[in-house]
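Asks: whatever this is, show me its structure:
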Amino acid sequence: MSSYEQTYGPVRTPSASSRMNKSRTNSLSRNPYIVQEKNYLKKIKNDITDDYYTKAVISDPAAENEDDSTIDAELDDEERDLLINVEVPGGANFELDYGDTSVVEINRDNPKILERLEWQTMLNLVLTGDVVKSEKRRIITQSDTSFQSTYKDNLWLGIRAYILGRTEEQQRRILEYSRSIADESLNQILTFKVVNQDNALAEVRDIVEKFYSIKELWKDEKDMIAEKPIVASTAFSDRLETLISWKNITSTLDREVKALEKWTQSTNLDLTEVRNDGFVDTSFADTMLKEKDILSIFRSRLFHRYFPWFNKSKAAFLNYHNLFEELNLPSYIPMLEKLVLFPMRLIREIIRIRLIYARKLESPTMMMIDEMIDDFSLYVTLAVGIKQAFIHYTVGWDIHMEAYEGYDETVFEAIKYLFGLIHRKLINTATKSFKTFKEPDDLESIWKLAKNVGCFIDLAGPEVVFQIASLTTKLVQRLTVYISQQNKAIETIINSDKTPEQKEHEAMAMVDSSLDKFNNVRRKLSKFYSVIKKSYSNAALFNVARPALFLEALKNNDHFLIQTGYSTGIYLVASSDLYGKDDEIIKIIKGSELGSDLFKPPSQISDIHLDYYEEDEDDNVGYILVIHANRPMLWEGSIVSIPGVTDVLVDTNPGEVLLVTQGASQTLRYTKTIFSDIMGDYVTFIENRPSLTSVHRELVRTEKLFFKLAVSMFPEFFKLKAMIQTLNRSPEGLQYLYCFIRDMMKNYIKFVEGPKKTVIVKKMITLGIDWVSFVVDDCIPTDKKTFRWCVTALEFAMEVSRGFNILTLKDEQFNKLKEKVAGCMSLLISHFDIMGARSSEAEKKIITNLPNADQDEKAIIEHYRAQTMEKLRALDEALQVQNVGKVLDDTMQENQYLSFLASSFSSLSIRWQKRKFIGGGSFGSVFSALNLDTGGVLAVKEIRFQDVQSIKQVVPQIKEEMTVLEMLNHPNIVQYYGVEVHRDKVNLFMEFCEGGSLASLLEHGRIEDETVIQVYALQMFEGLAYLHEMGVVHRDIKPENILLDHNGLIKFVDFGAAKVIAKNATKKAATKMNSMTGTPMYMSPEVITGNYGSKYSLDVWSTGCCILEMATGRRPWANLDNEWAIMYHIAAGHLPQFPTKDQLSEAGIKFLYRCLERDPHKRPSAQKLLDDPWLVEIRILAFGDSTSSSEVSSDIGA
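Replies: Presented below is the predicted three-dimensional model:
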């Protein structure tokens, strides 16, 4: 038995029958193997032919009964004696067996047996004791290790002797002698110093190679250390590592410098030196300028090759610079400096030459400008990245390595020239208009490229910030004149000699195009202006109320005065965090980091980054106060003189102080809080603004232009309206104009305050009055579109005249508003079907027109058919007018499906633009879309058909969903607008919910505020009660199908699985409704078991699961890993894990138990659950009324 079996094999107790026949079993089991072994040995000895492959096997039944004596006959006498039972003291006979203890249990009373057993027990204790075990383990380990070590030593010795052509004994004697004299060489390493600086590399190489030759005398370093402990000492290992690092780095840097000299064909790396490149005489910089992809050359030839050794050089210097001096090793920093500065020298020379060429072009074309913008953008990006990497590389170690002389100045010139090109491209003075209408995108791209330049290139920060602000101002200024230019062009078309049809077509095309382009540019510029205004606001302006206490507080908090050398009434005072940081103070005053990111991204010039060792610096952010004093200021605190600080020009009034924060503008909030805590009520905050006067003035100018643009839009609007009315155009175009100007003003008014806001609101009130007047006077009252326009105009008029605004109207304005609103209300009433009155009258009319009841059925059917055909003819006439496009061939079955779908539901014809993908719903994908007519946002469910078969399968399902959607109108149900049918797809237009789904909200965790859960639950059951009242079962309620709009209002969506249940539903219809549909973890027990109660009970269960998930933050049955297990537990009557008491109140948990009642017959309806105390509590708290909206709707419909 193996040791594995002895240790881990299960104990098996033989049965009684097996024990009784043990003798026969043993003899039979061992006998064949003994015979087989003898035959096998005999076969080998006599070379008997094996008949395994040749002789046939014959089964002889008689042989199976052969007597055991034939087997015993083959054994010799000694073996046969072994099979005889053994007699032990006491007269007992038994068979010998391995590990059998049964005899001990039987004969324990026999003294002789007991004596032997005691001896056996003693021996067993000795052999199995800890002493023997540990000794055995030690012997085995020592013997194995000794054997392995000896084997490896002999193998290594034998191989070495074989290679050197010696015997092992000769090689052993030579090694022993060499090892005995190695101490002298090792001591030389400990005492080594460079003697001749000019020959230092050779001396170091010799001493290192001597160590390597000594090291080869041993099999490995471990054996060497065991015999020569000095090798493991710290002094020896540090010296050796220092010598090896210095040798490798020095030799590599020397090799790379020589390779660089060969590449540039200049021993002093002069990039302007004229040399012959094989064809013409030119400089190296000129040659590089002509290369196609400079960035890839820099990366492959310089960065990827040098950066790893730059990092090694820095690490070695930081670790061994003391030993470098002790060993008298020459510094490799000069060679390192050549390689580090070479990329800077090269890109600087390339930029300098490129500027010379560019400035020779006096009147470049737009193609040339685009090419130069690409070139200089690349050069600036590369130059800034190199400078950033250089700054980071030189931080953290004590070496004197400065940037190449004139580098910042050259890059700064390139930046200024680049912005000059951008001005030419974006602000084209020849056309005085937009060229591509993508100018805001181009401006944003250059801003992202250049916003961090000032952190690394001297003087560049203020220039970049000013140029971006200036370009923004000019683009807004150009936008202010764009609409007036287009109005003039439209007026020219209207006054031309063209036909009325041509005038209308061209004018309306220009109106649509102009407004779309204008709105796109305005929206982007407004957004970009908001971004840069926030990014450039690195200062806060305060008014000083108590100057004496203000100065005293500054002195008490360790502020110090910066001596500027000027006496203009402007004083600079810095916080204590900036003491001793002269460079930082100069950066703040110059605005070097204005508009930059708080956390600068690493240099992107290479995917291999240089090591950056941060210095221990104070993390506190400081600030400088620019004080505009009313009179000469008497300062009693510390005064510091900093060379290079000039006087500061600021747009402030006497008695004001400007706080300028250190670093990016994102730190302003922090420093402003600290300053306010120090000052208390000594100062009063005015505004945030840029610290640079030129930038501040540009932003103020841009803000004024936006205001001018908003004000000028009103007269231009009325001018355009008048021109469109002369074309006898339908009111749709004017309605689009009203919506356009409304959305623009509502967007602008969010960012304006004070008197400017008052002016805009007055203009909007005038617009609202004119809008309702337009609907009443110019629109067709019987047109269905007029109803929608009327609602939109009334909502806007009410919104702008709400509250105090109504009091500002003049009497004539107010009277006109009342008159036109009354007209709108009359128009609305004419479209209302109040309490179903019209439907009832129409139904009565139909009934009265029916034949008498005593007439035969045939006459009744004929009458019904005639009425139906009359309605179809009227519908065809309407479709003849509305349908435009290719006519479907109704003889094809798939087209019949589409025609049926298009004619069955309200078709929507709008101009819209698909936006981003939102998600997938039943049968299709959902996108957000922009309504180009109104500017509003829609949700579009796009259902595509793959083939004819898919049309047959999908169209009935679409019909079911649309049937449900068209009949619903509730605040908690997503609003359906209409359908758009195409040959290969169908678009369903619905309400867009900006808040996303409840599922996406719960991805961030549970809703901890129970009040919010109650509000959501109340809205869910309000919507659910309405659905059930309308006879609709949703059948797939889950967080993914519950949306939130921008106000946080709950909306049920995705009615692809919903069913409409008639009040007199047949058994067949009920069976169809009972089909298993939904998501397993939200399924009710009756859906799985088929034991239905109420038709609507399954929705109540699913809604309860959603509330449970809101409270716990996990899905129901989250502890189960597959859907089958979930369905089994639900069918078995189990409940999901409920919220704990700290997650939901006792009333909320009781409410959940009511929702998740196992018996569908006992589960309350949605209407009854609305009366639960848990929901009544939040309804009273939120609305002050305990009556649900569903009850109100029921009362109205009664």
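Asks: for the stretch 901-1050 of the chain, give me the ranges with low pLDDT.
Replies: Along the stretch 901-1050 of the chain, the model assigns pLDDT under 70 to residues 901-913, 915, 921-923, 930, 932-936, 945-960, 983-984.
Asks: so where do the helices sit in it?
Replies: Assigned helices in the stretch 901-1050 of the chain, in chain order: 948-966, 998-1002, 1010-1029 (criterion: DSSP state H, counting those that start in this stretch).
Asks: of the ones you listed, which stretch is the most buried?
Replies: helix 1010-1029 (a mean of 23; mean count of other CB atoms under 10 Å). (Glycine included, C-beta is placed from N, CA and C.)
Asks: quick one: list the elements packing against that helix.
Replies: Applying 3 or more CB pairs under 8 Å, 6 or more residues apart in numbering; DSSP states H and E, we find helix 1010-1029 packed against strand 1050-1052, helix 1097-1112, helix 1146-1155, helix 1166-1169, helix 1173-1183, helix 1189-1197.
Asks: what comes up buried for the fourth one?
Replies: So that's helix 1166-1169. The neighbour-count check on helix 1166-1169 (16 or more other CB atoms under 10 Å) flags 1166, 1167, 1169 as buried.
Asks: which residues touch the residue lying closest to the last one once chain neighbours are set aside?
Replies: It stands for residue 1169. Spatial nearest neighbour of residue 1169, chain neighbours left out: residue 1021 (5.5 Å); criterion: CB to CB, 6 or more residues apart in numbering. Residues near residue 1021 by CB atoms under 8 Å, 6 or more residues apart in numbering: 1103, 1166, 1169, 1170, 1175.
Asks: surely the first one and residue 1022 touch.
Replies: No - between residue 1103 and residue 1022 there is no contact, the gap being 11.1 Å when judged by CB atoms under 8 Å.
Asks: and the longest helix seen in the chain, which residues are buried?
Replies: Criterion DSSP state H: the longest helix present in the chain is helix 500-536. Along helix 500-536, these residues count as buried under the neighbour rule (16+ other CB under 10 Å): 503-504, 506-508, 510-511, 514-515, 518-519, 521-522, 524-526, 528-529, 532-533, 535-536.
Asks: now swap in stretch 693-707 and tell me
Replies: In stretch 693-707, the ones that count as buried by 16+ other CB under 10 Å are 694, 695, 696, 698, 699, 701, 702, 703, 705, 706, 707.
Asks: how about stretch 735-747?
Replies: Buried, per 16+ other CB under 10 Å, within stretch 735-747: 735, 736, 737, 738, 739, 740, 741, 742, 744, 745, 747.
Asks: need these in TSV (columns: pLDDT and secondary structure).
Replies: Output for these, formatted as TSV (pLDDT from 0 to 100; DSSP: H, G, I helix; E, B strand; the rest coil):
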residue	pLDDT	secondary structure
735	87	helix
736	86	helix
737	88	helix
738	90	helix
739	89	helix
740	88	helix
741	89	helix
742	89	helix
744	88	helix
745	89	helix
747	85	helix
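Asks: list just the nearest of those residues to residue 201.
Replies: residue 747 (71.2 Å; CB to CB).
Asks: show me what contacts the closest one?
Replies: Per CB under 8 Å, 6+ apart, neighbours of residue 747: 523, 526.
Asks: look up how far residue 288 lies from it.
Replies: 50 Å (CB to CB, to the nearest Å).
Asks: about what we covered before: okay if I get the buried residues of helix 1166-1169 as a markdown table plus distance to residue 350 and pLDDT?
Replies: Converted to a markdown table, these look like this (distance: CB to CB, whole Å; pLDDT from 0 to 100):
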| residue | distance to residue 350 | pLDDT |
| --- | --- | --- |
| 1166 | 75 | 91 |
| 1167 | 79 | 91 |
| 1169 | 76 | 92 |
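Asks: after the host helix or strand of residue 639, next one along is what?
Replies: Assigned by DSSP states H and E, residue 639 falls within strand 638-641. Scanning forward in sequence from strand 638-641 by DSSP H and E, the next helix or strand is strand 656-661.
Asks: picking up where we left off before, between the buried residues of stretch 735-747, which sits nearest residue 786?
Replies: residue 735 (9.4 Å).
Asks: wait, what's in contact with residue 678?
Replies: 553, 554, 557.
Asks: pull the contacting residues for the residue nearest to residue 543 when sequence neighbours are not counted.
Replies: Nearest non-adjacent residue to residue 543, counting by CB to CB, 6+ apart: residue 684, 4.6 Å away. By CB under 8 Å, 6+ apart, the contact set of residue 684 is 542, 543, 545.
Asks: need the buried ones from the residues you listed selected in PyMOL.
Replies: For the buried members of the contacts of residue 684, the matching PyMOL selection, counting by 16+ other CB under 10 Å, is:
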select buried, resi 542
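Asks: just the ones of the contacts of residue 684 in strands?
Replies: Mapping these onto strands (DSSP state E) picks out 542, 543.
Asks: shaky segments in the stretch 451-600 of the chain?
Replies: Ranges of the stretch 451-600 of the chain meeting pLDDT under 70: 565-567.
Asks: recalculate using a threshold of 80.
Replies: Applying pLDDT under 80 to the stretch 451-600 of the chain flags residues 564-569, 598, 600.
Asks: so where do the helices sit in it?
Replies: Counting by DSSP H, counting those that start in this stretch, the helices of the stretch 451-600 of the chain are 460-494, 500-536, 547-556, 582-590.
Asks: now swap in the stretch 701-850 of the chain and tell me
Replies: 731-748, 755-778, 784-800, 811-831, 837-849.
Asks: same question for the stretch 301-450 of the chain.
Replies: Using DSSP H, counting those that start in this stretch, helices in the stretch 301-450 of the chain cover 304-326, 333-359, 366-394, 407-426, 439-450.
Asks: how about CSV for those, with distance to residue 929 added?
Replies: Putting those into CSV (distance: least, CB to CB, whole Å) gives the following:
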stretch, distance to residue 929
helix 304-326, 48
helix 333-359, 46
helix 366-394, 34
helix 407-426, 31
helix 439-450, 22
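Asks: would you reformat these as JSON lines and include mean pLDDT?
Replies: Putting the helices of the stretch 301-450 of the chain into JSON lines (pLDDT from 0 to 100) gives the following:
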{"stretch": "helix 304-326", "mean pLDDT": "91"}
{"stretch": "helix 333-359", "mean pLDDT": "91"}
{"stretch": "helix 366-394", "mean pLDDT": "89"}
{"stretch": "helix 407-426", "mean pLDDT": "93"}
{"stretch": "helix 439-450", "mean pLDDT": "92"}
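Asks: indicate which one of those helices is closest to residue 1160.
Replies: Distance to residue 1160, taken as CB to CB, is lowest for helix 439-450 among these, at 58.3 Å.
Asks: so which residues make contact with that closest one?
Replies: 377, 380-381, 415, 418-419, 422, 425-426, 464, 468, 471-472, 475, 521, 524-525, 528, 532.
Asks: can you do 6 Å?
Replies: With contact meaning CB atoms under 6 Å, 6 or more residues apart in numbering, helix 439-450 is reached by 422, 426, 464, 468, 471, 475, 524, 525, 528.
Asks: before we move on, what about stretch 783-796?
Replies: Here stretch 783-796 has contacts from 735, 742, 768, 771, 772, 775, 779, 780, 824, 827, 828, 831, using CB under 6 Å, 6+ apart.
Asks: with adjacent residues omitted, what lies nearest to the first one?
Replies: Right, the one you point to is residue 735. Per CB to CB, 6+ apart, closest to residue 735 is residue 789, 5.2 Å.
Asks: which pLDDT does the model give the one you found?
Replies: Per-residue confidence (pLDDT) for residue 789: 86.
Asks: distance check, it against residue 252.
Replies: On the measure of CB to CB, residue 789 and residue 252 end up 79 Å apart.
Asks: what is the mean pLDDT for stretch 651-671?
Replies: Mean predicted confidence for stretch 651-671 is 90.
Asks: repeat for stretch 759-769
Replies: 91.
Asks: quick check: buried residues in it?
Replies: Within stretch 759-769, judged by 16+ other CB under 10 Å, the buried ones are 760, 761, 763, 764, 765, 767, 768, 769.
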